[in-house]
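next one to model:
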Amino acid sequence: ALITMDAGRTGLFANGDVLLIRDGTNDEYLTITNDNGDGTYNTSFALTNNFANADLYLMQYITVETAFTGIVAQTKYDYAIGGVRATIGGTVSRKLFNNNTAAGDWKPGWTVEMQSGHAETLTAELAIYRGGDSTNGYVSIIGKEGAATRPKITFTHATQNCFIPRGSTAVRIRYANFDIERNVNGAAAAAAIADSTAVGGEYYIVRNMKITSIGTSKWVNGILGSSSVDVIDENYIENTTGVAINGSNAVGNYITGCASGISITNQGDTPVMHNIIVNPTATGIAISNLAGNKIIMFNTIYANAGSPNGFSLDSTSLYQTYLNNNIVQGMSTAIVITGAVTQAVLLSNGNLWRNNCLYSNTNQITTGYSGLLSGTVTTNPQFTNAAGGDFSVGINMKALGWPNTNIGYGSTRSYIDIGAAQRKERSGNYVF
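Here you go, the predicted structure:
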């Protein structure tokens, strides 16, 4: 067909443009094949209907760029496409994450966000076969930040993990802002969020998650990371029969009723800090086979039942520094050192325990290692409301944290409380 425009207007259409002809009764599409330069345009085929007083529309095609992320210059994009699905775990929705044990459709930089109030049951693991990359960013499964009602995944499979990356490209995955609840009866099993069996769980972020169980079957593990570049922060985990968190960069987590709070095994030079671990049945924080340097500070481990250990470390974990931790109330031994390593070897490798509060435990430290302790405090930290979960400290801990002298040889004095949560200063006027 030949289209002729009024007044010989040229340059209106480019080869490949699609036009819609519509008159209220019929719709037909034509593809421009050539601008003849005189106001006429050739199309790929002729019309099959007769049109009267028709309108002509230039159809605009919008595609999703696979590299559309916040770290790419935004001037490259004028638009974005979003889609709404009812589930993340339905038959079709799962194809985002995997397609018959191969990579799914999502690409680095993509986000799947559950809205406020979203509730869904997964009856089998959600396996992820493609992750993010260092150019375009993470792939993310998240709940809407600040949602009035947090999104919630209920998991009902007896033996599988809920979320598990698989395959060599399943890296740089972020989980945030939703709940995972196990509802199974029987033996404990699996993990809410597992690491990749193929690549060792590189570059995961797990943030602001709530991991619980309501059936008789508990999670064995809460979050399994295995890399020094994982970040696991601000999560709530309860009642696992194994380790709540396995991984480095564990910061600001609240863990209650788990066999062990945090396990650090063969991971690198990253911090473990501001975690609160309540009523572990075995060990609060366990460190093993760790050759790297690590600072472990501002953690609180508390037990009002049983007789767990606070910290444990083995003979290969030599280079750590422990500062300003509260290890209090009911520990069999606050600090347990295992294996054939002497106090002298630990000291010569910089293994130091400075300004920690060890209160109301049967033993402070394994016999023969008391020389590791420096500035130890043994007074009651006066938690605001331990039974209610408020472990901010009282005035007994005021300014007892390290450094508690002038910094260097200068005149600056730091005033730091010991423990995961600092004290709130009183306001107003008081008479003592």
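
my guess is Asn293 meets Gln320, correct?
Yes: if you go by CB atoms under 8 Å, Asn293 and Gln320 touch, sitting 7.2 Å apart. Using the backbone N, CA and C atoms, a C-beta is placed for each residue, glycine as well.

more crowded one of these two?
Counting neighbours by other CB atoms under 10 Å for Asn293 and for Gln320 shows that Gln320 has the greater number, 22 against 14.

in space, what's closest to the more buried one - neighbours in sequence excluded?
In space, and not counting its chain neighbours, Gln320 is closest to Lys294: 4.8 Å by CB to CB, 6 or more residues apart in numbering.

can you tell me which residues contact the one you found?
With contacts defined as CB atoms under 8 Å, 6 or more residues apart in numbering, Lys294 is in contact with Ser248, Ile264, Asp269, Thr270, Pro271, Val272, Ile287, Tyr319, Gln320, Thr321.

just those: which has the poorest pLDDT?
Within the set of the contacts of Lys294, pLDDT is lowest for Asp269 (67).

need the residue closest to the centroid of this structure.
Val206 (0.9 Å; CA atoms, centre = their mean).

what separation is there between it and Leu323?
Relative to Leu323, Val206 is positioned 25 Å away (CB to CB, to the nearest Å).

what do you get for Val336?
Distance from Val336 to Leu323, by CB to CB: 18 Å.

likewise for Asn53?
81 Å.

and those two? Which one has more around it.
Leu323 (21 against 6).

the more buried one and Pro403 touch, don't they?
No: using CB under 8 Å, Leu323 is not in contact with Pro403, being 9.2 Å away.

residues near the residue lying closest to Pro271 once chain neighbours are set aside, how many?
Sequence neighbours aside, Ile295 is the residue nearest to Pro271 in space, at 5.3 Å (criterion: CB to CB, 6+ apart). Using other CB under 10 Å, Ile295 has 14 other residues around it.

kindly state the beta-bridge partners for Ile295.
Note on Ile295: beta-bridge partners Thr321, judged by DSSP bridges.

buried ones in stretch 173-192?
173-182, 184, 188-192 (16 or more other CB atoms under 10 Å).

just stretch 327-339 next, same as before
Ile327, Val328, Gln329, Gly330, Met331, Thr333, Ala334, Ile335, Val336, Ile337.

tell me which of those residues is nearest to Leu47?
Ile327 (82.7 Å; CB to CB).

the closest one is in contact with Leu358, isn't it?
Yes: under the criterion of CB under 8 Å, Ile327 makes contact with Leu358 at 5.4 Å.

mind listing the shared neighbours of the two?
Common neighbours of Ile327 and Leu358 (CB under 8 Å, 6+ apart) are Gly310, Ala334, Ile335.

next, give phi and psi for the last one.
It stands for Ile335. Main-chain dihedrals, Ile335, degrees, to the nearest 10: phi -130, psi 120.

now do the contacts for it.
Asn309, Gly310, Phe311, Ser312, Ile327, Trp353, Leu358, Gln364, Ile365, Thr366, Tyr369, Leu372.

just among those, which is most surrounded?
Gly310 (32 neighbours).

for that residue, pull up the helix or strand it's in.
Assessed by DSSP states H and E, Gly310 sits inside strand 309-313.

report all helices and strands that that strand contacts.
The contact analysis (3 or more CB pairs under 8 Å, 6 or more residues apart in numbering; DSSP states H and E) places strand 309-313 against strand 283-288, strand 333-337.

now the ones you listed as TSV including distance to Lys144?
Below are those laid out as TSV (distance: least, CB to CB, whole Å):
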stretch	distance to Lys144
strand 283-288	32
strand 333-337	41
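
ranking helices and strands of this structure by mean pLDDT, which lands last?
Least confident element among the helices and strands of the chain, by mean pLDDT, DSSP states H and E: strand 2-4 (a mean of 80).

toward the C-terminus, what is the element adjacent to that one?
strand 18-22.

flag every buried residue along that following strand.
For strand 18-22, by 16+ other CB under 10 Å, it's Val18, Leu19, Ile21.

can you list contacts of it?
By CB under 8 Å, 6+ apart, strand 18-22 touches 3, 13, 27-32, 43, 47, 51, 54-59, 61.

6 Å instead, please
Glu28, Tyr29, Leu30, Thr31, Phe51, Ala54, Asp55, Leu56, Tyr57, Met59 (CB atoms under 6 Å, 6 or more residues apart in numbering).

direction included, what does it pair against?
Strand pairing for strand 18-22, using DSSP bridges, gives strand 27-35 (antiparallel), strand 55-59 (antiparallel).

Throw these into a markdown table and include mean neighbour count, thanks.
A markdown table is the format used below for the strands paired with strand 18-22 (neighbours: other CB atoms under 10 Å):
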| stretch | mean neighbour count |
| --- | --- |
| strand 27-35 | 16 |
| strand 55-59 | 12 |
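
Ala119: which of those is closest?
strand 55-59 (38.9 Å).

what's the closest one in contact with?
Val18, Leu19, Leu20, Arg22.

could you dump that strand to CSV, C-alpha only?
Only the C-alpha atoms of strand 55-59 are listed here, as CSV (Å, rounded to 0.1, in the frame of the first residue of the first chain):
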residue,chain,number,x,y,z
ASP,A,55,-7.6,7.8,12.5
LEU,A,56,-3.9,7.0,12.0
TYR,A,57,-1.7,6.0,15.0
LEU,A,58,2.0,5.5,15.2
MET,A,59,2.6,2.5,17.6
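
now it: how far from the chain's centre is it?
Its chain's average C-alpha position is 47 Å from that of strand 55-59, according to CA atoms, centre = their mean, to the nearest Å.

ok, now stretch 299-314?
On CA atoms, centre = their mean, the centre of stretch 299-314 falls 25 Å from the chain's centre.

distance of Asp417 from Phe383?
Distance from Asp417 to Phe383, by CB to CB: 12 Å.

same check on Lys424?
12 Å.

quick one, which of the two is more surrounded?
Phe383 (22 against 10).

relative to Ala190, how far out is Arg182?
For Arg182, the distance to Ala190 - CB to CB - is 8 Å.

and if you look at Ser213?
Distance from Ser213 to Ala190, by CB to CB: 11 Å.

shared neighbours of these two, which are they?
Going by CB under 6 Å, 6+ apart, no residue sits against Ser213 while also sitting against Ala190.

closest one of the contacts of Ile335 to Asn396?
Among these, and counting by CB to CB, the member closest to Asn396 is Leu358, at 13.4 Å.
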